[in-house]
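>>> got a sequence here, can you build the structure:
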Amino acid sequence: MVEVDDFLVRARAAFEGRARSGERLTADQIKTIAFGMQKGGYSTAHVDAALERLEDAFAARERGEVSRLHGDEAWLAEARQTAQVITNRLGRPEGQRFERVGALSKGYNRVDVDEFADRIRRYFEEGRPVTADEVRGVVFPAQYGGYREAQVDLLLDAVVDVMLAVR
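Here you go, the predicted model:
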(Lines give C-alpha, C1' and ligand atoms only; values in the text may rest on other atoms or scores of the structure.)
Protein backbone atom coordinates (compact mmCIF):
# COMPACT_ATOMS: atom_id res chain seq x y z
CA MET A 1 0.00 0.00 0.00
CA VAL A 2 2.87 2.34 0.76
CA GLU A 3 4.25 1.81 -2.75
CA VAL A 4 0.91 2.83 -4.31
CA ASP A 5 0.44 5.77 -1.95
CA ASP A 6 3.96 7.07 -2.62
CA PHE A 7 3.43 6.86 -6.37
CA LEU A 8 0.11 8.69 -6.18
CA VAL A 9 1.71 11.49 -4.15
CA ARG A 10 4.52 11.78 -6.74
CA ALA A 11 2.01 11.70 -9.61
CA ARG A 12 -0.08 14.46 -8.07
CA ALA A 13 2.99 16.60 -7.50
CA ALA A 14 4.13 16.02 -11.09
CA PHE A 15 0.70 16.88 -12.48
CA GLU A 16 0.49 20.06 -10.43
CA GLY A 17 4.01 21.08 -11.44
CA ARG A 18 5.43 20.53 -7.96
CA ALA A 19 7.68 17.56 -8.81
CA ARG A 20 11.22 17.47 -7.54
CA SER A 21 13.82 18.92 -9.87
CA GLY A 22 14.35 16.67 -12.89
CA GLU A 23 11.50 14.32 -11.96
CA ARG A 24 8.99 14.16 -14.81
CA LEU A 25 6.13 11.72 -15.21
CA THR A 26 4.44 10.87 -18.51
CA ALA A 27 1.33 8.99 -19.57
CA ASP A 28 3.57 6.25 -20.99
CA GLN A 29 5.33 5.83 -17.65
CA ILE A 30 2.00 5.59 -15.86
CA LYS A 31 0.83 2.96 -18.34
CA THR A 32 3.79 0.72 -17.52
CA ILE A 33 3.97 1.18 -13.76
CA ALA A 34 3.68 -2.01 -11.71
CA PHE A 35 3.34 -2.53 -7.99
CA GLY A 36 4.08 -5.54 -5.82
CA MET A 37 1.16 -7.50 -4.43
CA GLN A 38 0.59 -7.28 -0.70
CA LYS A 39 -1.78 -9.21 1.53
CA GLY A 40 -4.45 -6.81 2.73
CA GLY A 41 -3.37 -4.27 0.11
CA TYR A 42 -5.48 -2.26 -2.27
CA SER A 43 -7.82 -3.93 -4.74
CA THR A 44 -5.99 -4.32 -8.07
CA ALA A 45 -9.16 -3.27 -9.92
CA HIS A 46 -9.31 0.01 -7.98
CA VAL A 47 -5.59 0.69 -8.44
CA ASP A 48 -5.84 -0.08 -12.16
CA ALA A 49 -8.83 2.26 -12.50
CA ALA A 50 -6.96 5.04 -10.71
CA LEU A 51 -3.93 4.53 -12.96
CA GLU A 52 -6.13 4.66 -16.06
CA ARG A 53 -7.61 7.98 -14.92
CA LEU A 54 -4.11 9.30 -14.25
CA GLU A 55 -2.93 8.14 -17.67
CA ASP A 56 -5.89 9.92 -19.29
CA ALA A 57 -5.16 13.15 -17.40
CA PHE A 58 -1.45 13.11 -18.22
CA ALA A 59 -2.13 12.27 -21.88
CA ALA A 60 -4.54 15.21 -22.15
CA ARG A 61 -1.98 17.52 -20.57
CA GLU A 62 0.77 16.25 -22.89
CA ARG A 63 -1.47 16.84 -25.88
CA GLY A 64 -2.09 20.38 -24.70
CA GLU A 65 1.66 21.01 -24.35
CA VAL A 66 2.40 19.74 -27.86
CA SER A 67 -0.53 21.71 -29.26
CA ARG A 68 0.72 24.92 -27.66
CA LEU A 69 4.25 24.39 -29.00
CA HIS A 70 3.54 22.92 -32.43
CA GLY A 71 -0.19 23.27 -33.03
CA ASP A 72 -2.94 20.66 -33.02
CA GLU A 73 -1.96 19.44 -36.46
CA ALA A 74 1.42 18.10 -35.25
CA TRP A 75 -0.26 16.04 -32.53
CA LEU A 76 -2.96 14.75 -34.85
CA ALA A 77 -0.44 13.94 -37.60
CA GLU A 78 1.45 11.68 -35.21
CA ALA A 79 -1.80 10.02 -34.11
CA ARG A 80 -2.81 9.47 -37.76
CA GLN A 81 0.57 7.93 -38.54
CA THR A 82 0.28 5.54 -35.59
CA ALA A 83 -3.31 4.70 -36.55
CA GLN A 84 -2.13 3.84 -40.07
CA VAL A 85 0.52 1.47 -38.70
CA ILE A 86 -2.16 -0.18 -36.55
CA THR A 87 -4.63 -0.59 -39.42
CA ASN A 88 -1.88 -1.98 -41.66
CA ARG A 89 -1.13 -4.64 -39.04
CA LEU A 90 -4.81 -5.43 -38.51
CA GLY A 91 -5.41 -5.61 -42.26
CA ARG A 92 -3.34 -8.77 -42.44
CA PRO A 93 -5.17 -12.09 -42.84
CA GLU A 94 -6.64 -13.67 -39.72
CA GLY A 95 -4.15 -15.96 -38.02
CA GLN A 96 -1.23 -13.93 -39.44
CA ARG A 97 -1.60 -10.57 -37.73
CA PHE A 98 1.03 -11.21 -35.07
CA GLU A 99 3.99 -13.52 -34.51
CA ARG A 100 3.13 -16.91 -33.06
CA VAL A 101 4.91 -18.57 -30.17
CA GLY A 102 6.22 -22.11 -30.53
CA ALA A 103 3.80 -25.04 -30.59
CA LEU A 104 4.79 -25.99 -27.02
CA SER A 105 4.42 -22.45 -25.66
CA LYS A 106 1.27 -20.58 -24.76
CA GLY A 107 0.31 -17.26 -26.27
CA TYR A 108 -2.95 -15.40 -26.76
CA ASN A 109 -5.77 -17.27 -28.47
CA ARG A 110 -5.52 -16.34 -32.14
CA VAL A 111 -9.26 -16.45 -32.87
CA ASP A 112 -10.13 -14.20 -29.91
CA VAL A 113 -7.35 -11.74 -30.72
CA ASP A 114 -8.39 -11.62 -34.38
CA GLU A 115 -12.03 -10.99 -33.42
CA PHE A 116 -11.05 -8.09 -31.17
CA ALA A 117 -8.60 -6.86 -33.80
CA ASP A 118 -11.49 -6.69 -36.27
CA ARG A 119 -13.40 -4.48 -33.82
CA ILE A 120 -10.40 -2.17 -33.54
CA ARG A 121 -9.95 -2.09 -37.32
CA ARG A 122 -13.62 -1.13 -37.74
CA TYR A 123 -13.14 1.60 -35.12
CA PHE A 124 -10.36 3.15 -37.19
CA GLU A 125 -11.81 2.54 -40.64
CA GLU A 126 -15.55 2.95 -40.05
CA GLY A 127 -15.82 4.85 -36.78
CA ARG A 128 -17.46 1.92 -34.99
CA PRO A 129 -17.61 2.37 -31.20
CA VAL A 130 -14.80 0.96 -29.06
CA THR A 131 -13.61 2.65 -25.88
CA ALA A 132 -10.13 2.98 -24.45
CA ASP A 133 -11.40 1.14 -21.36
CA GLU A 134 -12.48 -1.80 -23.52
CA VAL A 135 -9.05 -1.96 -25.13
CA ARG A 136 -7.29 -1.66 -21.77
CA GLY A 137 -9.48 -4.32 -20.19
CA VAL A 138 -9.57 -6.97 -22.90
CA VAL A 139 -8.44 -10.41 -21.76
CA PHE A 140 -7.55 -13.22 -24.12
CA PRO A 141 -7.43 -16.89 -23.15
CA ALA A 142 -4.16 -18.76 -23.60
CA GLN A 143 -3.53 -21.16 -26.46
CA TYR A 144 -0.56 -23.33 -27.40
CA GLY A 145 0.99 -21.82 -30.50
CA GLY A 146 -0.98 -18.61 -29.97
CA TYR A 147 0.00 -15.06 -30.74
CA ARG A 148 3.03 -13.61 -28.96
CA GLU A 149 1.57 -11.73 -25.98
CA ALA A 150 4.10 -8.88 -25.89
CA GLN A 151 3.45 -8.01 -29.53
CA VAL A 152 -0.33 -7.96 -29.07
CA ASP A 153 -0.01 -5.90 -25.88
CA LEU A 154 2.20 -3.32 -27.62
CA LEU A 155 -0.38 -2.87 -30.36
CA LEU A 156 -3.18 -2.49 -27.80
CA ASP A 157 -1.12 0.16 -25.99
CA ALA A 158 -0.69 2.03 -29.27
CA VAL A 159 -4.45 1.85 -29.88
CA VAL A 160 -5.11 3.45 -26.49
CA ASP A 161 -2.49 6.12 -27.22
CA VAL A 162 -4.27 7.05 -30.46
CA MET A 163 -7.68 7.05 -28.78
CA LEU A 164 -6.42 9.40 -26.08
CA ALA A 165 -4.72 11.62 -28.65
CA VAL A 166 -7.90 12.29 -30.59
CA ARG A 167 -10.26 12.82 -27.68
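>>> show me the shaky parts of this structure.
The chain contains no residues with pLDDT under 70.
>>> please enumerate the strands of it.
106-108, 142-144 (DSSP state E).
>>> show me what contacts residue 4?
Residues near residue 4 by C-beta atoms under 8 Å, 6 or more residues apart in numbering: 35, 41, 42, 47. Where C-beta positions appear, they are placed from N, C-alpha and C, glycine not excepted.
>>> what's the closest of the residues you listed to residue 132?
The closest of the contacts of residue 4 to residue 132 turns out to be residue 47 (C-beta to C-beta; 17.4 Å).
>>> grab the nearest non-local neighbour of the closest one.
In space, residue 47 comes closest to residue 4 once its chain neighbours are excluded; the distance is 5.9 Å by C-beta to C-beta, 6 or more residues apart in numbering.
>>> looking at the strands of the chain, which is closest to residue 12?
Closest among the strands of the chain, using C-beta to C-beta: strand 106-108, at 34.9 Å.
>>> follow-up on the earlier one: need the strands of the chain in JSON lines with distance to residue 154 and mean neighbour count, can you?
JSON lines is the format used below for the strands of the chain (distance: least, C-beta to C-beta, whole Å; neighbours: other C-beta atoms under 10 Å):
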{"stretch": "strand 106-108", "distance to residue 154": "12", "mean neighbour count": "21"}
{"stretch": "strand 142-144", "distance to residue 154": "18", "mean neighbour count": "14"}
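>>> let's have these in CSV, adding distance to residue 60.
Listed next are the strands of the chain as CSV, based on distance: least, C-beta to C-beta, whole Å:
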stretch, distance to residue 60
strand 106-108, 30
strand 142-144, 35
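>>> what's the neighbour count on residue 26?
For residue 26, the count of nearby residues is 14 (other C-beta atoms under 10 Å).
>>> residues contacting it?
For residue 26, the contact set (C-beta under 8 Å, 6+ apart) comprises 58, 62.
>>> and for residue 40?
residue 1.
>>> same thing but at 7 Å, please
Applying C-beta atoms under 7 Å, 6 or more residues apart in numbering to residue 40 gives no contacts.
>>> and for residue 144?
Residues in contact with residue 144 (C-beta under 7 Å, 6+ apart) are 103, 104, 105, 106.
>>> make it 10 Å
Going by C-beta atoms under 10 Å, 6 or more residues apart in numbering, residue 144 touches 100, 101, 102, 103, 104, 105, 106, 107, 109.
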